[in-house]
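**Q** Would you be able to build a 3D model of this:
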Amino acid sequence: MNPALFRTAALLSAMIAGALIPGAHVLRFLIPWLIVAMLFVVFLGTRFTGATLTRSHGWLLAANVAMGFAGFGIGWLAGGRDVALAGFFAGVAPTATAAVVVTGFLGGRRDYVAGAMVLTNTLISLLLPVLLPLVLGRATPRVIADVAGSVGFLVFMPMAAALVVRRVFPAAQALPARLGNASFGAWVLALFLITANASWFLRHESTATGAELLHIALVTVIVCAMNFALGRLIGGRDFPREASQSLGQKNTNFTIYLAMTYASPLVALGPTCYVICHNLWNSWQLHRRGRTSV
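**A** Presented below is the predicted three-dimensional model:
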C-alpha cells in the first residue's frame, strides 16, 4: 500500500476505534505526553532563525484571534450562548503541535509551521486572560497560571529539551528523519484516545439535547472550513499549505481543558468536534497526496 494511503487508513481507523471503544478514555492522561514526545522530535530537526517568522505569521496570529470571535458570533446566531462559547473555544485554539508533523507528511515546510505553532501558542496564551472574561462575562483569575503551565509543558519543555540534546549530541539532529514512523504512530494513538474520550463523554456524561449537539457540530464544521480556507489565502503563493495547516489544525486539547474548567462540558464539545473535523480533512489531504504520488 502507498505510504500516504496507509496513513489515511490509519487515521480513519483510529477515529472509528476510538468511537467504538469509549472505555479507552481511562488512558487519556497519555495524550499530553504523546504530544510532548512528537514535538521533541520535531524540535530536534528544526532550527529557528530570523527567517523562520514572516509577515504572514503575524496575519495568522490576527486571524487566529478573529476566528475565535467569528465562531462566537456564528454560534450565537445558531443556538445561543453555549453554542457561541463552543464556537469560540473551537476557533481561538492556537496551532496544534501535531500540525508540524502533518505538514511534513504533506511535503510542506515544517519550520514555517513550527514558527506559527510557537508564536500562536505563546501569544494566544497571553491574550486569553483578557479574552475569556469578554465571552464568559466574568473574571477568570486562575486562567493566567493555568494557561502558562499548559503551554510551558506542551511547548517550551520539549523545545528546551531538544535544544539541550542538540547541543550535547549534534548527531541527534538526524533522528527526526529516522523517527517519522514513530511520530506518526504517536499521532494515531493520540487521535484514538481523544476520540475515545469524546465518545465516553457523549455516552455517559453529556446532558445535551440532540438540537444542541447538532448546532455545535454545524458551527464547528463551518469554523474549521473557514480556518483552512483563510489560512491558504494568508499563505499566498509561497506558503499556502503551511499557512492553511497552521490556522486550520488546532491545539484543541488546550481549549478543551479551558472550556471544561471555565465553561461546561457542553461547551467543550466545540473543540472536541473540531478534533474530528480537522483530522478528517487531514486524512483527505493525505489520501489526495497519496493518489498524486502513485
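
**Q** pLDDT score assigned to residue 3?
**A** At residue 3, the model reports a pLDDT of 60.

**Q** now swap in residue 78 and tell me
**A** Reported pLDDT for residue 78: 89.

**Q** same thing with residue 64?
**A** For residue 64, the model assigns a pLDDT of 96.

**Q** now swap in residue 20 and tell me
**A** Value listed for residue 20 in the pLDDT field: 91.

**Q** Can you report how many residues lie near it?
**A** 11 (other C-beta atoms under 10 Å). All C-beta spots, glycine's among them, are computed from the backbone N, C-alpha and C.

**Q** show me the contacts for it.
**A** By C-beta atoms under 8 Å, 6 or more residues apart in numbering, the contact set of residue 20 is residue 199.

**Q** again, but for residue 64
**A** 92, 94, 95, 120, 124, 247.

**Q** Name the helix or strand for the fifth one, please.
**A** Right, residue 124. Assigned by DSSP states H and E, residue 124 falls within helix 110-136.

**Q** what's the spacing between residue 93 and residue 117?
**A** 12 Å (C-beta to C-beta, to the nearest Å).

**Q** Let me fix that, I meant to ask about residue 188.
**A** 20 Å.

**Q** quick revisit: have a look at residue 93 and residue 117 and say which one is more surrounded.
**A** residue 93 (32 against 27).

**Q** Check what pLDDT that one gets.
**A** pLDDT at residue 93 comes out at 92.

**Q** and the residue lying closest to it once chain neighbours are set aside, how far is that from residue 89?
**A** Using C-beta to C-beta, 6 or more residues apart in numbering and skipping the chain neighbours, the partner closest in space to residue 93 is residue 250 (3.7 Å). Taking C-beta to C-beta as the measure, residue 250 and residue 89 are separated by 10 Å.

**Q** what do these two both touch?
**A** With C-beta under 8 Å, 6+ apart as the test, residue 250 and residue 89 both reach residue 271.

**Q** Tell me the spatial nearest neighbour of residue 278, not counting adjacent residues.
**A** Closest to residue 278 by C-beta to C-beta, 6+ apart is residue 249, at 5.0 Å.

**Q** hmm, back to that, out of the contacts of residue 64, which is nearest to residue 198?
**A** residue 92 (19.1 Å; C-beta to C-beta).

**Q** Kindly tell me how buried the closest one is, as a neighbour count.
**A** Residue 92: 29 neighbours (other C-beta under 10 Å).

**Q** Distance check, the residue nearest to residue 278 against residue 129.
**A** In terms of C-beta to C-beta, residue 249 sits 24 Å off from residue 129.

**Q** More neighbours: which of these two?
**A** Set residue 249 next to residue 129 and count neighbours by other C-beta under 10 Å: residue 249 wins out with 30 against 18.

**Q** Test my guess that residue 188 contacts residue 9.
**A** No: under the criterion of C-beta atoms under 8 Å, residue 188 makes no contact with residue 9, lying 10.3 Å away.

**Q** who's more crowded, those two?
**A** A count of neighbours by other C-beta under 10 Å puts residue 188 above the other of residue 188 and residue 9, at 18 against 15.

**Q** Which positions in the helix or strand that that one is a member of come out as buried?
**A** Counting by DSSP H and E, the element that carries residue 188 is helix 180-200. Residues of helix 180-200 classed as buried under the neighbour-count rule (16 or more other C-beta atoms under 10 Å) are 183-184, 186-200.

**Q** Next: stretch 269-284.
**A** Using 16+ other C-beta under 10 Å as the test for burial, stretch 269-284 gives 269-279, 281-283.

**Q** ok now that stretch, how far from the chain's centre?
**A** 9 Å (C-alpha atoms, centre = their mean, to the nearest Å).

**Q** again with stretch 198-205
**A** 21 Å.

**Q** repeat for stretch 218-233
**A** 13 Å.

**Q** contacts for it?
**A** With C-beta under 8 Å, 6+ apart, stretch 218-233 has contacts from 60, 63, 67, 70-71, 74-75, 78-79, 83, 86-87, 90-91, 240-241, 243-248, 250, 270, 273-274, 277-278, 281.
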